[in-house]
Each structure stands twice: as structure tokens, then as C-alpha cells.
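Asker: Only the shape, not the letters, is given here:
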């Protein structure tokens, strides 16, 4: 797939396009140019999929629905795209909001950590899991521990430390108090630390 | 925790499944068609895009632009195959579903 009709292939890697190309693509999609719309999907589907998978890991059953939702939301909001930043960042911003909505819904639910002693949720296969990881030990262990945490702990940690939301923001978005979020984060960190030590010593 | 988050990126390496791309594209086309006619195939070609063999057939058929602005992929077997198979047996040059499969 290429930019607006040129014939050569273009990798759909996370490379931002020049602003004029972004604006041309947006204009073409808004004109309901079917080929430009296909290009829009081809350009961002892989980035979105990877990002959403990483934020929902290790439970992936909602990832495809979220990719779908992000694209539909992007199409609806496209007339508002000003071209002041890369289109890729704009699309990923929508994805970030969708992830926040997802976390918010999950964290709003009454806290249930009875699965705290459960075995790590295994992805489809061990080899699949290994493919997710870089060879780096730290990354591997982080994934292993994150995958074994109760969902609310995992989401709270990703939201706070990888998405860099403040406890205050998280509180506002979930309707909980800041104190409650801080307590949740403290428990999540403690649980992470305990499991981390267990993984290290095993 | 902050140190770990700084050093470990959670992003994964998987590519989006081709059938997901096909479904997303179909959903966007449906949405666009709901709001009125698509850019006609005549104009699409004039923009420099390659049309698939079926689109080209519709484009050269002597009928009004309104008919050429329909979402004809809706009735194409390539769409059905692409939405349901990861490696759909579709190969027509210019077909958006083929392009998505190969992207």
C-alpha cells in the first residue's frame, strides 16, 4: 500500500509522514476516497494493534474490538484534525483515550482481588508468549509478573507508570478518590514486588 | 516501579491480522456510504489510484456517476474472503482487500 495512489510498497512501520502527506490523506479520506481509506487503515492498523495489545496484555479478547472502535472514532473525528501534529500521533491519541476508557470501566468495578493467588494467565501458547518478549531479562520478568497480577492491579500499574497518568487523573476518570487510587497503587506495587522477588529467586 | 517502566517498553511486535484490517476497512466504508455517495470510481481513478478489475468494469460501464459511487466492495466475494480468512486467496491488483492483506 502506498500514499494516495503511488504504486510502490510502503512499510506500515511507526514512521510519521510529512505533514503535507498527512493532510492530503485526511482530505482524501474525508472525500470518501475508498483507496485512501484503505491506505489509512493499512498505515495505522499495525501500530494500533501492537499498542492496544501491550496495554491489555495478557488478556487479548478485547483488542480487535478496540482497534475497530479507534478507527471508527478516528473517522468521526477526522474533520477536526488540524494538521498541527503528525496524523499518527493523533490516531494514537484516540487509542490512548480508548485504553483509558477501558481501564476506567474496569477499575470502576468493585475491586476484586480474589484471583491474587491465581497462576499467571497464560497467553495462547508458551511460544506465543516468548515471541512477545525481547531477550532482555528485565523485560521478560516484567511481562511475567504483570501477566500474573490481578487485572485491576495490572491496569492500575500500566495506567500510572506506562501511560504516565497521575493518581489524580486516574481518580477523576474512575470516580474514585485520589486516596483510593493511591491505596490501590500501593497494593499493586507491593504485589508486583512480591511476585517479582519470587520470579527472581525461581 | 518508575525505573522499570522507564526501561521496559510494553509494546509488542505482532502485526494486526489481515482479516481485522479487512473488517475495519469494511466498517469504515459502510460508515462513509451511510453518509452519502463515495467518491466515484471515475474520480478515484482520476486521483491516480489503481482500480481492481471489477471496479474498472463498473467505471467503464455507461451508467451514471451515482452508480459508480456505490460501495461495490459490499457485494464482492473478495471482501467476504478477506474478512474471514487470514490468508485469503485473493490476488487482484488494485483490490483494497488485497492491498490490506499485503500491508
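Answerer: Thanks, I have the structure now. Just so you know, these numbers come straight off a predicted model, no measurement behind them.

Asker: can you pull out the helices in chain A?
Answerer: Counting by DSSP state H, one finds helices in chain A at the ranges A:19-30, A:34-56, A:63-77, A:87-108, A:126-132, A:137-148, A:151-157, A:167-174, A:178-201.

Asker: same for the third one, what does it pack against?
Answerer: When contacts are defined as 3 or more Cβ pairs under 8 Å, 6 or more residues apart in numbering or on different chains; DSSP states H and E, helix A:63-77 sits against helix A:34-56, helix A:87-108, helix B:18-34. Where C-beta positions appear, they are placed from N, C-alpha and C, glycine not excepted.

Asker: between these, which one is nearest to residue A:184?
Answerer: helix A:87-108 (7.6 Å; Cβ to Cβ).

Asker: Could you count how many residues lie near the closest residue to residue A:66 other than its chain neighbours?
Answerer: In this structure, residue A:66 finds its nearest non-sequential neighbour in residue A:52, 5.0 Å apart by Cβ to Cβ, 6 or more residues apart in numbering or on different chains. Residues near residue A:52, counting by other Cβ atoms under 10 Å in any protein chain shown, number 26.

Asker: Check residue A:79 too.
Answerer: 8.

Asker: Can you tell me how far residue B:103 is from chain A?
Answerer: Per Cβ to the nearest Cβ, to the nearest Å, residue B:103 is found 4 Å from chain A.

Asker: wait, isn't that residue in contact with residue A:42?
Answerer: Yes - contact criterion Cβ atoms under 8 Å: residue B:103 and residue A:42 qualify, at 3.7 Å.

Asker: Now tabulate the helices and strands packed on helix A:63-77 in TSV and tack on distance to residue B:53.
Answerer: Output for the helices and strands packed on helix A:63-77, formatted as TSV (distance: least, Cβ to Cβ, whole Å):
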stretch	distance to residue B:53
helix A:34-56	15
helix A:87-108	31
helix B:18-34	18
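
Asker: Looking at those, spot the one closest to residue B:58.
Answerer: helix A:34-56 (12.0 Å).

Asker: what's the angle from that closest one to helix B:18-34?
Answerer: 130 degrees (axes from the mean of the first three to the mean of the last three Cα atoms, to 10 degrees).

Asker: quick one: average pLDDT of helix A:34-56?
Answerer: Helix A:34-56 carries an average pLDDT of 94.
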